[in-house]
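**Student:** Give me a 3D structure for the following:
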Amino acid sequence: MSELITAGFNLALYGMGFVFTFLILLVILTTLMSTLVQRYMPAPAPVVPRRRAGKKSAPQSSSAATDQGKLVAVISAAIRQHRSGSGD
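**Tutor:** Next up, the predicted model:
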């Protein structure tokens, strides 16, 4: 009986050691990969759109208000249809 428990502890320790080693290796390789990607493939610079000279953009608050109104209407209709029980 004692040999069986000893063998079980041995197997458990080997298994935990293997998993621990694998996880440490995984963290090291992931960190190394991240470093290599950041060094050789940096993130592209964000593109800022240019404004056209001489033209002023019209305020879009009225367009945003109509879009907001349409959104409220669509959501209300969807809730009403869901509550009525007809899923089609």
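**Student:** Every contact and neighbour count from this point should use C-alpha atoms.
**Tutor:** Fine.
**Student:** average pLDDT across the longest helix anywhere in the chain?
**Tutor:** Taking DSSP state H as the assignment, the helix of the chain that covers the most residues is helix 2-40. Taken as a whole, helix 2-40 has an average pLDDT of 95.
**Student:** buried sites along it?
**Tutor:** The neighbour-count criterion (16 or more other Cα atoms under 10 Å) identifies no buried residues in helix 2-40.
**Student:** where does residue 44 land in three-state SS?
**Tutor:** coil (DSSP: H, G, I helix; E, B strand; the rest coil).
**Student:** And stretch 42-52, how far out from the chain middle?
**Tutor:** 23 Å (Cα atoms, centre = their mean, to the nearest Å).
**Student:** In PDB, could you pull the C-alpha coordinates for it?
**Tutor:** Listed in PDB are the C-alpha atoms of stretch 42-52, where the atom choice follows Å, rounded to 0.1, in the frame of the first residue of the first chain:
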ATOM      1  CA  PRO A  42       5.600  48.300 -35.400                       C
ATOM      2  CA  ALA A  43       2.000  49.500 -35.400                       C
ATOM      3  CA  PRO A  44       1.300  51.800 -38.400                       C
ATOM      4  CA  ALA A  45       0.900  55.500 -37.700                       C
ATOM      5  CA  PRO A  46      -2.700  56.600 -37.600                       C
ATOM      6  CA  VAL A  47      -3.900  58.300 -40.700                       C
ATOM      7  CA  VAL A  48      -5.500  61.700 -40.000                       C
ATOM      8  CA  PRO A  49      -7.800  62.800 -42.800                       C
ATOM      9  CA  ARG A  50      -7.100  66.200 -44.300                       C
ATOM     10  CA  ARG A  51      -9.600  68.900 -44.400                       C
ATOM     11  CA  ARG A  52     -10.300  70.600 -47.600                       C
END
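**Student:** and the longest helix of the chain, what other elements does it pack with?
**Tutor:** Other elements packing on helix 2-40 under the criterion 3 or more Cα pairs under 8 Å, 6 or more residues apart in numbering; DSSP states H and E are absent; no helix or strand qualifies.
**Student:** continuing past it, what's the next helix or strand?
**Tutor:** Taking DSSP states H and E as the definition, the helix or strand that follows helix 2-40 towards the C-terminus is helix 61-84.
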